[in-house]
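> Structure of the sequence below:
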Amino acid sequence: MKKILAILLALTLVLSVGVAAMAEEETELWGEGLKIGLAQMHYTNAFRIAETESVISAFEAVGAEVVWNEAGNDTATQVANAKDLLAQDIDYLLLPPKEEAGLVPALDAAKEAGVPVILLDRSANGEPGVDYVTAIRSDAIAEGEWCAQWIIDNYPDGANIVEVFGAPGSTTAMDRAEGFWNLLAEAGDQYVKLDSQVGDNMRDTAQKVTENMIQAHGSDIDIIVTHSDEMTFGALQAIEGMGYVAGEDFKVLSIGDGASALLEAIIDGRVAACSECSPLLGPQAVEVVKTLEEGGTVEGLIWANDRFFTIENAAEELEKAGW
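Numbering: from 1, shown residues only. Below is the predicted model:
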């Protein structure tokens, strides 16, 4: 009798495992038959590469097909690319906007085609739920405030600051600057903006404008703040190429993004602090599509869960870095 019970228990266990495995497989492949389009703004730095790979891997993991292109950091090309993807009979369009205003023609084209749009890491002009479904992005105002608060805490008597601005017209860049400069203004007029020049989130451009600002202001500069990892590394190249020591002659702060290489620069003392802006938004985009496929609704703005990195936590966070 005991032997029979043991056999029955073993069969039950096998059946349970089999059913669980089948259920897991069904869950994983719920996206079969879906075609997702990604109109990436460019594919030339670590952030955009990580974001693209995050989207592709997350959707392919649930059985969906992903088709994508990149616009070479040009708004008109991104609009044309979005329309090209719409012509490929996609079910959803994922769009990281190069500019806030310039993507309206792409949104209009998607609306006309009846294809839901999910914005990634930035917003665009339009109404969520009408012109696009939702925007999955970081709280860029908070990112700017985190860096500003670091300055207030570490330079209570004031500091002279130069800024390497991100992409003109982008929600993220405008919000980062707003959060950063507004909080410093509230803290007092001892925090002085000596200069601000556009780096356009490109390393070589950031290097050039940082060189320009150092040549113009020299030792008057206390802090160099940039709007992205890529521009931070451009600024570091400028600082060190001109014979200065990053972290000593100038403190460097990055309002985004927080890749592994940036955390290593914090650990090395070359960068003081960084507000995270994670590009790994694929899983959240998958959840949005799944909810919509099941007939549900989503919020018009979905925040990423970002952090603030300094020497106190950079080593620990580096072990968990996803890109």
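> Please count neighbours and contacts with C-alpha atoms only from this point.
Fine.
> in stretch 75-94, what's buried?
75, 78-83, 85-86, 90-94 (16 or more other CA atoms under 10 Å).
> tell me how far the ends of that stretch are from each other?
In terms of CA to CA, to the nearest Å, the two terminal residues of stretch 75-94 are separated by 15 Å.
> Also stretch 33-46?
When the termini of stretch 33-46 are compared using CA to CA, they are 30 Å apart.
> leaving aside the residues next to it on the chain, what's closest to N81?
With CA to CA, 6 or more residues apart in numbering as the criterion, N81 has its nearest non-adjacent residue at 6.1 Å, and that residue is A39.
> Give me the distance between the one you found and A106.
In this structure, A39 lies at 10 Å from A106, with CA to CA as the measure.
> can you give me the helices in the stretch 1-150 of the chain?
Read by DSSP state H, counting those that start in this stretch, the stretch 1-150 of the chain holds these helices, from start to end of the chain: 2-28, 46-61, 75-86, 104-113, 140-154.
> my guess is Q237 is in a helix, correct?
Yes - under DSSP: H, G, I helix; E, B strand; the rest coil, Q237 falls within a helix.
> Now for it, how many residues are close by?
Residues lying near Q237 (other CA atoms under 10 Å) number 20.
> which SS state does the nearest residue to it once chain neighbours are set aside fall under?
Closest residue in space to Q237, ignoring its immediate chain neighbours: Q207 at 6.3 Å, by CA to CA, 6+ apart. What three-state DSSP gives for Q207 is helix.
> Over to D195?
D195 falls in the strand class when you classify it by three-state DSSP.
> Run a quick neighbour tally on it.
16.
> Now for the closest residue in space to G33 that isn't next to it in sequence, how many residues are close by?
In space, and not counting its chain neighbours, G33 is closest to A64: 6.2 Å by CA to CA, 6+ apart. As a burial measure, A64 scores 20 neighbours (other CA under 10 Å).
> same question, R48
As a measure of burial, R48 has 18 neighbours, counting by other CA under 10 Å.
> and what of E299?
A count of neighbours around E299, defined by other CA under 10 Å, yields 13.
> what's the closest of the buried residues of stretch 75-94 to L318?
Within these, distances to L318 taken as CA to CA reach their minimum at L94, with 28.7 Å.
> what bits of the stretch 1-150 of the chain have low per-residue confidence?
Applying pLDDT under 70 to the stretch 1-150 of the chain flags residues 1-27.
> re earlier: the buried residues of stretch 75-94 into CSV, with extra columns for distance to A315?
Formatted as CSV, the buried residues of stretch 75-94 follow (distance: CA to CA, whole Å):
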residue, distance to A315
T75, 37
Q78, 37
V79, 40
A80, 42
N81, 40
A82, 40
K83, 43
L85, 41
L86, 43
I90, 42
D91, 41
Y92, 38
L93, 37
L94, 33
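> What is the most widely separated pair among those?
When the buried residues of stretch 75-94 are compared pair by pair using CA to CA, the two farthest from each other are T75 and D91, 22.5 Å apart.
> Report the secondary structure state of the most centrally placed residue in the chain.
Central residue of the chain (CA atoms, centre = their mean): P279, 3.7 Å from the mean position. Three-state secondary structure (criterion: three-state DSSP) places P279 in coil.
> quick one: D220 and D249, what's the gap?
Taking CA to CA as the measure, D220 and D249 are separated by 10 Å.
> cool, and Y132?
Using CA to CA, Y132 is found at 46 Å from D249.
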